[in-house]
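Asker: Attaching a predicted model along with its sequence, questions to come.
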Amino acid sequence: MTIQNTVNGVADTPLLDDAALAERIFRHIDDGTTDLGEQVWREPVSHYLSVERFNAECKLIRQHPTPFCPSAALPENGSYVARIAAGNPIVAARGEDGSVRAFINACRHRGMQVAAGNGCTRAFSCPYHGWTYGLDGSLKGIPGQSGFPTLNRDQHGLKEVSATERGGIIYVQQEGDMDPALLSDALDYFSGDQALFDQQVLTDCANWKLLYETLMEGYHIKSLHQESFYPFGYDNLNVIETFGAHSRVVYPFKRIEQVRGTAPDKLDLTGLVTSVFMLFPNASISVLSKHSNLVILEPISPSQSQWVIYSLINTTSDNAPITAEEARRDAAFVNDSGQEEDRAAATAIQQALASGANTHLTFGHFEKAIVHFHQHLERALNLHSHR
């Protein structure tokens, strides 16, 4: 898979191409260095425990265009995905016209959810009393219509929320109208022919930010991933780039040495690095050797979160096909080793937070992407609190 460096169709972003990225990585390898931030950030422990802070963060997520699922999860007209997002039941569907729309997943009669999981349908039917809705959210049928003589169907369709499709991702904003400026940094992450081969939901007893932070730095690779990731990679060697509120953290494998000295126009880093794109406020895309994951970290409570993970088969620059079995083996290595270690670390931190041992968590120069995330989260929360 190759990320297209395009913003709104224009090939001009601050992200390094493969040649410049390789040059920086080899310089770090030779010098024993890594990309550094300029600021130390101290995040109050209360921000991982406070119900008031948690509610403010959920509200921010609902007021922000947030990845809901990859386009590949809605492959044909009538496809839908229903799940809880930032505390609300949401259903996104591809209509008969091919457009994607999203709704609060609640019947306008008594509030029952009209869809569950994912699938393909021509209409949504409430399992409680059988009210039916079209893929455009319009109210189509009411059993016993005579029992509701004054009801205006036009005013009782599913409540629509803002949705758009960009770069192979479905973005949903639950509250307010979507500001196009907030998607000005959206990249073409997924090509149209990338197949979805797995999706899963994992629940952890940890604040969503603690889980999110595990993805943003390589300072912990040697100590936490001694027998999983570290044998294949480097100790605390990353390239970290920021674009808008987002960031990209690149983790090179030792096998990148295979292309040292390759002419810049011949360089292809596919399979030689892992790139993790942090999509503000609560999603990420990890591009690995054979597959990519779109991950949305959904807050449940201050001390509980869910990983919503969509896994897609990568495409390669030489068009050599990757099989679903190869992608599954690639995913198993990540999920059964490093990801488990990251999840356990975040859970252990959550257990210690209420002890009072720390009044704040400290993020240093090696943790540039985390500092960038917290800066933008703080700024966005302050902006929303004054609305």
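Answerer: Happy to help now that I have it.

Asker: And the residue most central in space within the chain, how far from residue 121?
Answerer: Most central in the chain under C-alpha atoms, centre = their mean is residue 283, positioned 2.3 Å from the mean C-alpha point. Plainly put, residue 283 is 26 Å away from residue 121 if you go by C-beta to C-beta, to the nearest Å. C-betas here are computed from N, CA, C, even on glycine.

Asker: Kindly report the same for residue 261.
Answerer: Going from residue 261 to residue 121 by C-beta to C-beta gives 55 Å.

Asker: neighbour count winner among the two?
Answerer: residue 121 (12 against 7; other C-beta atoms under 10 Å).

Asker: Can you name the residues that contact the more buried one?
Answerer: By C-beta atoms under 8 Å, 6 or more residues apart in numbering, the contact set of residue 121 is 78, 80, 115, 135.

Asker: Need the pLDDT of it.
Answerer: We have a pLDDT of 98 for residue 121.

Asker: Please report phi then psi for it.
Answerer: phi -150, psi 170 (degrees, to the nearest 10).

Asker: Would you mind writing the CA trace of the helix or strand containing residue 333 as CSV?
Answerer: Assessed by DSSP states H and E, residue 333 sits inside helix 324-333. Extracted C-alpha coordinates of helix 324-333, given in CSV (Å, rounded to 0.1, in the frame of the first residue of the first chain):
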residue,chain,number,x,y,z
ALA,A,324,-6.0,-12.7,2.5
GLU,A,325,-4.1,-15.5,4.2
GLU,A,326,-0.9,-13.5,4.0
ALA,A,327,-2.7,-10.5,5.4
ARG,A,328,-4.1,-12.5,8.3
ARG,A,329,-0.6,-13.9,9.2
ASP,A,330,0.7,-10.3,9.1
ALA,A,331,-2.1,-9.2,11.4
ALA,A,332,-1.7,-12.1,13.8
PHE,A,333,1.9,-11.1,14.4
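
Asker: what distance separates that helix from the middle of the whole chain?
Answerer: 20 Å (C-alpha atoms, centre = their mean, to the nearest Å).

Asker: Buried residues of the helix or strand following it, list them for me.
Answerer: Remark: after helix 324-333, the chain's next helix or strand is helix 339-353, criterion DSSP H and E. If you call a residue buried by 16 or more other C-beta atoms under 10 Å, then helix 339-353 has these buried ones: 339, 341, 342, 343, 345, 346, 349, 350, 353.

Asker: ok, so of the residues you listed, who is nearest residue 247?
Answerer: Each of those was scored against residue 247 by C-beta to C-beta, and residue 342 proved nearest at 17.2 Å.

Asker: ok now do the closest residue to that closest one other than its chain neighbours, which residues does it touch?
Answerer: Excluding the flanking residues, the one nearest residue 342 by C-beta to C-beta, 6 or more residues apart in numbering is residue 214, at 3.9 Å. Counting by C-beta under 8 Å, 6+ apart, residue 214 makes contact with 220, 342, 343, 345, 346.

Asker: Quick one: the helices in the stretch 101-250 of the chain, in order.
Answerer: Taking DSSP state H, counting those that start in this stretch as the test, the helices found in the stretch 101-250 of the chain are 208-213, 221-224.

Asker: how close does residue 134 sit to residue 63?
Answerer: Residue 134 is 27 Å from residue 63, by C-beta to C-beta.

Asker: So which of these two has more stuff around it?
Answerer: Neighbour totals were compared for residue 134 and residue 63, and residue 63 leads with 21 against 17 (other C-beta under 10 Å).

Asker: Pretty sure that one sits against residue 175.
Answerer: Yes - Residue 63 lies in contact with residue 175 (C-beta atoms under 8 Å); the separation is 4.8 Å.

Asker: Spit out the contact partners of the most far-flung residue of the chain relative to its centre.
Answerer: Here the chain reaches farthest from its C-alpha mean at residue 146, the gap being 45.8 Å by C-alpha atoms, centre = their mean. If a contact means C-beta under 8 Å, 6+ apart, then residue 146 has no contacts.

Asker: Now do it, the pLDDT please.
Answerer: Looking at residue 146, its pLDDT reads 95.

Asker: Show me what the residue nearest to residue 194 when sequence neighbours are not counted is bridged to.
Answerer: Counting by C-beta to C-beta, 6+ apart, residue 312 is the residue found nearest to residue 194 once chain neighbours are left out, at 4.5 Å. Beta-bridge partners for residue 312, by DSSP bridges, are residue 196, residue 292.

Asker: tell me the contacts of residue 312?
Answerer: 70, 72, 190, 194, 195, 196, 197, 291, 292, 293, 294, 327.

Asker: What mean pLDDT does stretch 41-48 get?
Answerer: 98.
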